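1. no sequence on this one, just coordinates:
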């Protein structure tokens, strides 16, 4: 193989900017993050699962069963690739608005049961950092 070929590196750095691929990545990342967020405090509350369902309906126009959310929350995927690594990789391909949507939706899930546990705050901070969101971006502040 010639040094200029580097097919694995090319594949790794090649961004598929196809709109459908970006939408699917946003969809999967939103579902993964919110589902996993329901377990951030070690208990999956029914109100949080219902909030995830409502958010997915609102942003994706999809009905997702509570069972599917609970399965996604405890998926084996997290054993192979920790969620912060998944989010960091996705952040390179999801636009700012999409990353902000994921973060604000996560807040909505955490508030759904009327209390926010310290483990949920830690999960949010990890997710925001992995999504490469600055404090200003989290608040929607943009220079004029």
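-> Received, thanks. Please read these numbers as outputs of a predicted model, since none were measured by experiment.

2. Where does pLDDT dip in the protein?
-> 1-17, 75-80 (pLDDT under 70).

3. how about the strands in it?
-> For the chain, strands defined by DSSP state E do not occur.

4. What residues sit buried inside the helix ranked longest in it?
-> Ranked by residue count, the top helix of the chain under DSSP state H comes out as helix 19-37. For helix 19-37, burial by neighbour count (16 or more other CB atoms under 10 Å) applies to 22, 25, 26, 29, 30, 31, 32, 33, 34, 35, 36, 37. All C-beta spots, glycine's among them, are computed from the backbone N, C-alpha and C.

5. ok, the fifth one - contacts?
-> Going back to what we said before, that points to residue 30. Going by CB atoms under 8 Å, 6 or more residues apart in numbering, residue 30 touches 55, 56, 59, 60, 101, 102, 105.

6. Kindly present the buried residues of helix 19-37 as a markdown table, with separate columns for distance to residue 90.
-> A markdown table is the format used below for these (distance: CB to CB, whole Å):
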| residue | distance to residue 90 |
| --- | --- |
| 22 | 10 |
| 25 | 6 |
| 26 | 8 |
| 29 | 4 |
| 30 | 10 |
| 31 | 12 |
| 32 | 9 |
| 33 | 9 |
| 34 | 13 |
| 35 | 14 |
| 36 | 13 |
| 37 | 15 |
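
7. what's the closest of these to residue 114?
-> Here the nearest of those to residue 114, counting by CB to CB, is residue 37; it sits at 15.7 Å.

8. how close does the closest one get to residue 73?
-> Note on residue 37: its distance to residue 73, by CB to CB, to the nearest Å, is 8 Å.

9. same thing with residue 121?
-> From residue 121 to residue 73 the distance is 18 Å (CB to CB).

10. so where do the helices sit in this structure?
-> Along the chain, the stretches classed as helices by DSSP H are 7-13, 19-37, 46-60, 66-73, 77-80, 83-91, 96-111, 118-130, 135-139.
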